[in-house]
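Asker: Coordinates only, no sequence provided:
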């Protein structure tokens, strides 16, 4: 792995970002070296003055001073562009890259992450790395390189004075460098506490209705208050843990001035060095030690940013789902062949599932909760990749197809509808982005959306609030079905599309669905047996395997799971309060 690739991986950078950071190293190094030019000018000025040869060189030192100022201005400008401007551009690229990566990562990844965690990574962690990339890393590396070059030059003047001046540098940096394990441990715990706090805040906002309904606000706020105080308390501990190492290293660094003065005084008394050399070393150490104190802080900050870097790299380095953009299917039959799948690679959700959902037929997936019905529908659309077996559409292995290309064949209606804070028109247009207004309205009317849209103040252009908060559950579901009508894909996946609706809304939506599924491959998940009574085929899933398979009439004649579920729901239908 090249140096550029190591930097790219370590600090979650793009290829261009890694190149820009290397440029920043160089520019800061040159800038720091140029800042040493006035020290050299001062040394030679004093030397000429003491030697009595200054008179004829006044113009030389004036011109040299102006050149130094010009070089400092130029290198500072270049450094600013190479560090700050380049970092801000890279910060935008990093966020976009993260979003693109999340778009291609299997949904199994999101099962391990919650919304607040991912939001913190994209916003807070990116902001931290932006600061580290602009203010910390280039300055630290540049200071180390320039100091090393200056340190080597000191040995040409007097190796004894050089040792007296420089011995504190490796000791100080070693002290801060040894703090890595402590800082990483403190930072990991701090991050965990922050995530717990963020989760608590988000959960409180999402469940405020239930908390009020159960008079549980006070108890919940007490728990949340404990999480907030835990973050505050550990933040102090984390800062103290860093300060102990940095302050100790800075104290060691200050000893360098004393050792230079002591060693120089002894050598001067013995006549081993002259006053000018002693003066020059005092100038140099005063120029070196102040930036080195900041470098020690930067080193500690860089170490503490390891956690944020790891969190970003976890996303950027994650495997993505890939495949060809060329579809080679013949028809739209969906076939599962000996499919096995688990979410955590430990306990299998599907063990050996084999069945075919034929084109032009409705195939219903039923069975006890936890049997794998929803998992089957997600696998059919390649939301996850299976561990063993094969899933095909029209004979085409879906694992070899780009997920976004594959999704062109599917229309999906979920039980939990996701809407955007936009107009009704634009929420339906999600189904096909290039659809005209007329096409959107046609699809909306097929899903009976016109019955409520026309009653709203702005009609189709009415803003519906965050996740459709201004609409009822049935209205939100009809918008979801309108999307499917607009997309008009050959395969339909219905996941409990009417499970939580009242009778009137269920009737309207079932009427809309009956139009939607004509002549298509339909895979439907349902718990209500009346929903699947007219299905062409029923697949009963239990404990991750196909327990029964056949038409409703065939399964009704058997004393199996389907028969038992039908009888149980008939008994439940007769229950009264």
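Answerer: Cool, the structure landed. Fair warning: this is a prediction, and the values are worked out from it, not measured in the lab. Numbering: from 1, shown residues only.

Asker: Distance check, the residue nearest to residue 452 when sequence neighbours are not counted against residue 170.
Answerer: Nearest-residue entry for residue 452: residue 475, 5.0 Å, with adjacent residues in sequence omitted and distances by CB to CB, 6 or more residues apart in numbering. For glycine as for every other residue, the C-beta is placed from the backbone atoms N, C-alpha and C. According to CB to CB, to the nearest Å, residue 475 and residue 170 sit 70 Å apart.

Asker: Settle it for me: which of these two has more neighbours?
Answerer: residue 475 (21 against 10; other CB atoms under 10 Å).

Asker: Going toward the C-terminus from the host helix or strand of the more buried one, what's the next helix or strand?
Answerer: Using DSSP states H and E, residue 475 sits within helix 473-487. The first helix or strand that comes after helix 473-487 along the chain, using DSSP H and E, is strand 491-495.

Asker: Which strands and helices lie in contact with that next one?
Answerer: Under the contact criterion of 3 or more CB pairs under 8 Å, 6 or more residues apart in numbering; DSSP states H and E, strand 491-495 touches helix 373-380, strand 410-413, strand 521-525.

Asker: Tell me which of the ones you listed sits most buried.
Answerer: Most buried of these by mean neighbour count (mean count of other CB atoms under 10 Å) is strand 521-525; its value is a mean of 25.

Asker: pLDDT weak spots in the stretch 1-150 of the chain?
Answerer: For the stretch 1-150 of the chain, residues meeting the criterion pLDDT under 70 lie at 1, 39, 43, 47-56, 108, 111.

Asker: show me where it has helices.
Answerer: With helices called from DSSP state H, counting those that start in this stretch, the stretch 1-150 of the chain shows them at 3-10, 15-34, 37-51, 58-80, 86-104, 115-120, 126-131, 137-157.

Asker: Likewise for the stretch 201-350 of the chain?
Answerer: Counting by DSSP H, counting those that start in this stretch, the helices of the stretch 201-350 of the chain are 208-213, 217-270, 275-304, 306-316.

Asker: Could you give the separation of the last one from the chain centroid?
Answerer: A distance of 8 Å separates the centroid of the chain from that of helix 306-316, by CA atoms, centre = their mean, to the nearest Å.

Asker: That one vs helix 3-10, what angle?
Answerer: 100 degrees (axes from the mean of the first three to the mean of the last three CA atoms, to 10 degrees).

Asker: So for helix 306-316, what gets flagged as buried?
Answerer: 306-313, 315 (16 or more other CB atoms under 10 Å).

Asker: rewinding a little: select, out of the helices of the stretch 201-350 of the chain, the one closest to residue 132.
Answerer: helix 275-304 (6.3 Å; CB to CB).

Asker: packing partners for the closest one?
Answerer: By 3+ CB pairs under 8 Å, 6+ apart, helix 275-304 packs against helix 37-51, helix 137-157, helix 159-166, helix 168-177, helix 180-206, helix 217-270.

Asker: so can I have JSON lines of those helices showing distance to residue 72?
Answerer: Output for the helices and strands packed on helix 275-304, formatted as JSON lines (distance: least, CB to CB, whole Å):
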{"stretch": "helix 37-51", "distance to residue 72": "8"}
{"stretch": "helix 137-157", "distance to residue 72": "14"}
{"stretch": "helix 159-166", "distance to residue 72": "24"}
{"stretch": "helix 168-177", "distance to residue 72": "24"}
{"stretch": "helix 180-206", "distance to residue 72": "34"}
{"stretch": "helix 217-270", "distance to residue 72": "25"}
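
Asker: weakest of these by average pLDDT?
Answerer: In terms of average pLDDT, helix 37-51 trails the rest of the helices and strands packed on helix 275-304, at a mean of 71.

Asker: Is it correct that residue 538 falls within a strand?
Answerer: Yes: residue state for residue 538 (DSSP: H, G, I helix; E, B strand; the rest coil) corresponds to a strand.

Asker: Pull the contacting residues for it.
Answerer: 363-364, 366, 532, 548-552, 555, 562 (CB atoms under 8 Å, 6 or more residues apart in numbering).

Asker: at 6 Å what do you get?
Answerer: 364, 552, 555 (CB atoms under 6 Å, 6 or more residues apart in numbering).

Asker: Give the bridge partners for it, please.
Answerer: residue 364, residue 550 (DSSP bridges).

Asker: what's the spacing between it and residue 547?
Answerer: Applying CB to CB, the value for residue 538 to residue 547 is 11 Å.

Asker: Let me know whether residue 121 touches residue 311 as I believe.
Answerer: Yes: Residue 121 is in contact with residue 311 according to CB atoms under 6 Å; the separation is 5.2 Å.

Asker: returning to that earlier point: what's the closest of the contacts of residue 538 to residue 219?
Answerer: Of these, the one sitting nearest to residue 219 (CB to CB) turns out to be residue 364, at 43.0 Å.

Asker: That closest one - how many residues pack around it?
Answerer: 25.

Asker: which residues touch it?
Answerer: The neighbourhood of residue 364, defined by CB under 6 Å, 6+ apart, consists of 524, 532, 535, 538.

Asker: Mind putting the residues you listed into JSON lines with distance to residue 257 and pLDDT?
Answerer: Below are the contacts of residue 364 laid out as JSON lines (distance: CB to CB, whole Å; pLDDT from 0 to 100):
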{"residue": "524", "distance to residue 257": "80", "pLDDT": "87"}
{"residue": "532", "distance to residue 257": "85", "pLDDT": "77"}
{"residue": "535", "distance to residue 257": "86", "pLDDT": "83"}
{"residue": "538", "distance to residue 257": "86", "pLDDT": "89"}
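
Asker: and residue 477, how many neighbours does it have?
Answerer: So residue 477, with other CB under 10 Å, has 28 neighbours.

Asker: what does the helix holding residue 475 rub up against?
Answerer: Under the contact criterion CB under 6 Å, 6+ apart, helix 473-487 has outside partners 411, 413, 417, 419, 427-428, 430-432, 435, 443-444, 446-449, 452, 468, 501, 505, 509, 512, 516.

Asker: how about that helix: buried residues?
Answerer: Buried residues in helix 473-487 (16+ other CB under 10 Å): 474-487.

Asker: Any idea how far it is from the middle of the chain?
Answerer: On the basis of CA atoms, centre = their mean, helix 473-487 sits 30 Å off its chain's mean C-alpha point.

Asker: same check, this time on stretch 320-335
Answerer: Worked out by CA atoms, centre = their mean, stretch 320-335 lies 29 Å from the chain centre.

Asker: Kindly check the end-to-end length of it for me.
Answerer: For stretch 320-335, the first-to-last residue distance is 24 Å (CA to CA, to the nearest Å).

Asker: Residues contacting it, please?
Answerer: 104-106, 356-359, 380, 392-396, 400-403, 405, 490-491, 521.

Asker: Among those residues, which lie within strands?
Answerer: 356-357, 392-393, 396, 491, 521 (DSSP state E).

Asker: Same list (the residues you listed) but as a markdown table, adding distance to residue 136 and pLDDT.
Answerer: Converted to a markdown table, the ones in strands among the contacts of stretch 320-335 look like this (distance: CB to CB, whole Å; pLDDT from 0 to 100):
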| residue | distance to residue 136 | pLDDT |
| --- | --- | --- |
| 356 | 59 | 91 |
| 357 | 56 | 90 |
| 392 | 52 | 93 |
| 393 | 51 | 91 |
| 396 | 50 | 92 |
| 491 | 51 | 91 |
| 521 | 56 | 90 |
